[in-house]
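Trainee: Give me a 3D structure for the following:
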Amino acid sequence: MIAFVAPLLLCASAAASAPAADAAHLTIDGVPDEAAWATARVFRSFVVTEPYTLGTPAHPTEARLLATLEGIAIAFRATQPPGVPRQRERTPRDADMPGDRVNVFIDFDAGRKVAYNFTVGLSGSIQDATWTNEVFYSPDWDGDWQAAVTEDAEAWSAEILLPWSIAPMAGSDASRRSVAVLFDRVLGATGERSASAPVTFTRPRFVSDFPRVEIGQYAASVLDLFPYATATHDLLGDATRGKAGLDVFWKPSGDFQLTATLNPDFGQVEADELVVNFDAVEAFFSDRRPFFTENQSLFDLRTPDEGQLVYTRRIGGPRDDDPGRAADIDAALKVTGSARGLSWGTLAALESDHADDLGSLFLAQRVQRPGETLSLGWLGTWTDRPFLAREALVNAVDATWRPGPEVLLTAQAIASSIDAPDGAGDGTGGWVRLDLTPSARLRHQLEATHFGAALDFSDMGFQRRASLNEAEWTTVFQQSDFDAAHWLRAVTWYGEVQYRTNDRGDRLPVVLIPEVTLQHAGGDETSGGAYLESAGYNDLISRGNGLLRVEPAASLYVEHETARRGDWIFEANLNAYRSGFGDRGLYAGAEVAWFPAETFNLAAEAGWLDSDAWLVWERGTRFGAFARTQADFELDANWFPAEAQELRLRLQWLAIDTSDPRAFDLRPDARLQPSAQPVDAFSINNFGVQLRYRWTFAPKSDLYAVYSRGGFSERTGDPRGIDDLFQDAFSLRDADQFLIKVRYRL
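Mentor: Modelled structure (predicted):
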């Protein structure tokens, strides 16, 4: 445990001494008319970054930056003459904004580790997020900041105030600090994005290319207590359960921050996506629980195959003794800070009944040394799962090298050590990625990955697979030199090739991905491409019971999304494929968004899939192949009856019906042979609906009233048909509850 305690010694006391400089108080009302704004740094040289033409935007934008006693203030003035439609529909916090909006991207330490993204729409809606590892975006973080919007005939304006306590900031006792900042604006009518520098998240280097600005700095400290109370009434069991707890947020200075939670409540006020997963790899879900989103970016260390070394959904996830139930959490603690040029953090969480060998204990520590050219880091995690008599220790070292503006080199080495009755073992792995950007039009990426067969970081992380050797090359070329009268604004060509084997040397299918995206002058976007695989072996589908030889496979797709057409946005996609198992299928999907009023919007999405030989693992070396029909539907409706209030309805349905069942056995030569043992056709019905009311009655203080109902049904030997499954969906009722939750900042 020494490795997990030592970094805490770096936490020298951080004095919150305030500079003697003066700064005027600002009223954040959307009108930047205070005299102090005349002294702000002004940014007017915006260039078009979407598409990446670096040309002059259709309409000018001006941004101002000012350091005040309360925080960092930003003001935008976005010119938008009367002839240009204004899109000001409100959206829930952190939901995608389809309309006019402005963004602030800021790296408070200019250390290239993490940037914070603050979005304000013309409607006044807000969104915040983090960017880590240069281009990894996460909307799960929620900060405490202010924004306001006003408009006149020729333009609209936004004011933003980012308090000094909003995020960790190294060197908070100095009177000046260097920040890296980027401003951008999206014109809703056409989708054109312009920025204050030629920087975009569609290129390999994003956060590290933000221009640096020196500003004044003012000391800040904060101690916030968030008591909460919930009451849940189970309509199935006619039982009511109450719970109360406390979240603590303490930041004596920018160099030290502590977040703790006692008897936390992670009741579902956000609905997860409905997933029916037959793959050998588990489904990934994002985490919106406040404790795990606050200052989590330091622990956000990822692998190229969408893995995460700290996957917080493990904490309070399915119990080891009863996977059908979620584990309760007694307490959790997170401490982050900076000292001696290092950023560090500790995360600990204790599930209930750990002393009785049921709940688990999770620990993680992170140390990072940012640098102008070279950044280095270390992450260690330890998980104790006493019910399984299993302990897992994982260590990872990461490095980022930026020798010049055209080159970015990223690497990571991982080691795991597992002690468990079903086998103890040590595993290693690593990867390296080289990004080359020789010109504004062209970029290349070369990536090499090795995961040993014994590598396992899944106890606290999300790992798609072990036993992998992969080399991948990607090239992207954009053509954007069209004249103003042309129907195209840009064409982007994308090509990717993957060569893969497992750690035993078995060749997995070689993958080739060609794609093209057309950005229309009117704002529409059309894309098409293919996913092509050679013959090879699938070593995951049998869950460790042998290799399966697969034949060449191909998937072709095309999709089109329109710009706003009056009150409507439309999207359609079509995908035809032939799998390596011989399954032929066709998927068609459509989505429509409707904005009849600024305070109400509705989106609906539907899809339909037909295939003739869907291969499903049954058990051991037994497989079943089925004709499959699958339908999915989702409805989202949002109404904003008053300021700081929202009512949201979300309905999801997914159904699968199979027929023509055929049984196969996997032979030692990796081929399938027909089996005389029967397999049964089956149907699956999955339904969920949530009606949620949210009232933000004070900053960081919310009242939720949530009604949730859902159910899952699987039937064998009784084909139902999609129409019958749809009618049955509304009678599914595995869960039916009403929840009231209050979380208040003292």
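Trainee: Mind listing what's buried along stretch 133-153?
Mentor: 133-134, 136, 138-143, 145-149, 151 (16 or more other CB atoms under 10 Å). All C-beta spots, glycine's among them, are computed from the backbone N, C-alpha and C.
Trainee: next one: stretch 123-136
Mentor: By neighbour count on 16+ other CB under 10 Å, the buried set for stretch 123-136 is 123-134, 136.
Trainee: same question, stretch 437-444
Mentor: Buried, per 16+ other CB under 10 Å, within stretch 437-444: 437, 441, 443-444.
Trainee: Contacts made by it with the rest, please.
Mentor: Outside stretch 437-444, the residues that touch it by CB atoms under 8 Å, 6 or more residues apart in numbering are 52, 54, 198, 203-205, 405-407, 435-436, 473-480.
Trainee: What subset of those is buried?
Mentor: Applying 16+ other CB under 10 Å to those flags 52, 203-205, 435, 474, 476, 478, 480 as buried.
Trainee: which stretches of this protein form helices?
Mentor: Using DSSP state H, the helices of the chain run over 2-5, 290-293, 722-729.
Trainee: Go through the ones you listed and name the closest to T346.
Mentor: When those are compared by CB to CB, helix 2-5 sits nearest T346, at 7.3 Å.
Trainee: From the contact counts, what lies against the strand ranked longest in the chain?
Mentor: If each strand of the chain is counted by residues according to DSSP state E, the longest one is strand 645-666. Packing partners of strand 645-666 (3 or more CB pairs under 8 Å, 6 or more residues apart in numbering; DSSP states H and E): strand 600-619, strand 622-639, strand 672-674, strand 682-698, helix 722-729.
Trainee: Strands of the stretch 301-450 of the chain, start to end?
Mentor: Ranges of strands in the stretch 301-450 of the chain, per DSSP state E, counting those that start in this stretch, are 329-339, 342-351, 361-369, 374-385, 390-404, 407-419, 425-436, 442-451.
Trainee: want to try JSON lines for those, with mean pLDDT and distance to D610 as columns?
Mentor: Compiled in JSON lines, the strands of the stretch 301-450 of the chain are given as follows (pLDDT from 0 to 100; distance: least, CB to CB, whole Å):
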{"stretch": "strand 329-339", "mean pLDDT": "91", "distance to D610": "44"}
{"stretch": "strand 342-351", "mean pLDDT": "94", "distance to D610": "44"}
{"stretch": "strand 361-369", "mean pLDDT": "96", "distance to D610": "43"}
{"stretch": "strand 374-385", "mean pLDDT": "96", "distance to D610": "42"}
{"stretch": "strand 390-404", "mean pLDDT": "95", "distance to D610": "43"}
{"stretch": "strand 407-419", "mean pLDDT": "96", "distance to D610": "41"}
{"stretch": "strand 425-436", "mean pLDDT": "96", "distance to D610": "38"}
{"stretch": "strand 442-451", "mean pLDDT": "97", "distance to D610": "35"}
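Trainee: Any chance of a markdown table for those strands, columns distance to S157?
Mentor: Supplementary listing: these in a markdown table, determined by distance: least, CB to CB, whole Å:
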| stretch | distance to S157 |
| --- | --- |
| strand 329-339 | 35 |
| strand 342-351 | 35 |
| strand 361-369 | 37 |
| strand 374-385 | 37 |
| strand 390-404 | 36 |
| strand 407-419 | 36 |
| strand 425-436 | 37 |
| strand 442-451 | 35 |
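Trainee: Can you check which of these gets nearest to A613?
Mentor: Nearest of these to A613, taken as CB to CB: strand 442-451 at 30.8 Å.
Trainee: where does the protein have low pLDDT?
Mentor: 1-24, 265-271 (pLDDT under 70).
Trainee: which residue is nearest the middle of it?
Mentor: S138 (4.0 Å; CA atoms, centre = their mean).
Trainee: Quickly list what the closest residue to that one other than its chain neighbours is bridged to.
Mentor: Closest residue in space to S138, ignoring its immediate chain neighbours: T130 at 5.1 Å, by CB to CB, 6 or more residues apart in numbering. Per DSSP bridges, the residues bridged to T130 are Y116, S138.
Trainee: Look up how far R212 lies from T130.
Mentor: 19 Å (CB to CB, to the nearest Å).
Trainee: same check, this time on V104
Mentor: Where R212 is concerned, V104 sits at a distance of 15 Å (CB to CB).
Trainee: These two: which is more packed in?
Mentor: Shown here are V104 and R212; by other CB atoms under 10 Å, V104 has more neighbours (26 against 10).
Trainee: wait, doesn't that one sit right on A115?
Mentor: No: the pair V104 / A115 is not scored as a contact, 9.7 Å apart, by CB atoms under 8 Å.
Trainee: List the contacts of the closest residue in space to V679 that isn't next to it in sequence.
Mentor: Nearest non-adjacent residue to V679, counting by CB to CB, 6+ apart: G624, 3.8 Å away. With contact set as CB under 8 Å, 6+ apart, G624 has these partners: 615-616, 618, 661-664, 679.
Trainee: again, only this time at 10 Å
Mentor: 614-618, 658, 661-664, 675, 678-682 (CB atoms under 10 Å, 6 or more residues apart in numbering).
Trainee: How about P386?
Mentor: So P386 contacts 320, 353-361 (CB under 10 Å, 6+ apart).
Trainee: same question, D702
Mentor: 228, 269, 644, 694-696, 741-745.
Trainee: That one pairs with what?
Mentor: For D702, the beta-bridge partners are T696, R743 (DSSP bridges).
Trainee: for the one 5 residues further on, same thing?
Mentor: According to DSSP bridges, the partner residues bridging Y707 are L691, F738.
Trainee: in the stretch 151-300 of the chain, which spans are strands?
Mentor: Using DSSP E, counting those that start in this stretch, strands in the stretch 151-300 of the chain cover 155-163, 176-187, 192-195, 212-216, 222-234, 239-253, 256-262.
Trainee: The shortest one pairs with which strands?
Mentor: Right, the one you point to is strand 192-195. By DSSP bridges, strand 192-195 pairs with strand 47-50 (antiparallel), strand 176-187 (antiparallel).
Trainee: right, and these - which one's nearest K700?
Mentor: Comparing those under CB to CB, the one sitting nearest is strand 176-187, at 23.7 Å.
Trainee: So what angle separates the directions of that closest one and strand 155-163?
Mentor: Here the directions of strand 176-187 and strand 155-163 differ by 150 degrees (axes from the mean of the first three to the mean of the last three CA atoms, to 10 degrees).
Trainee: Would you mark the buried spots in strand 176-187?
Mentor: Quick answer for strand 176-187 (16+ other CB under 10 Å): 177-187.
Trainee: thinking again about what came up before, need the buried residues of stretch 437-444 in JSON lines (columns: distance to V706).
Mentor: Below are the buried residues of stretch 437-444 laid out as JSON lines (distance: CB to CB, whole Å):
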{"residue": "T437", "distance to V706": "46"}
{"residue": "R441", "distance to V706": "49"}
{"residue": "R443", "distance to V706": "44"}
{"residue": "H444", "distance to V706": "48"}
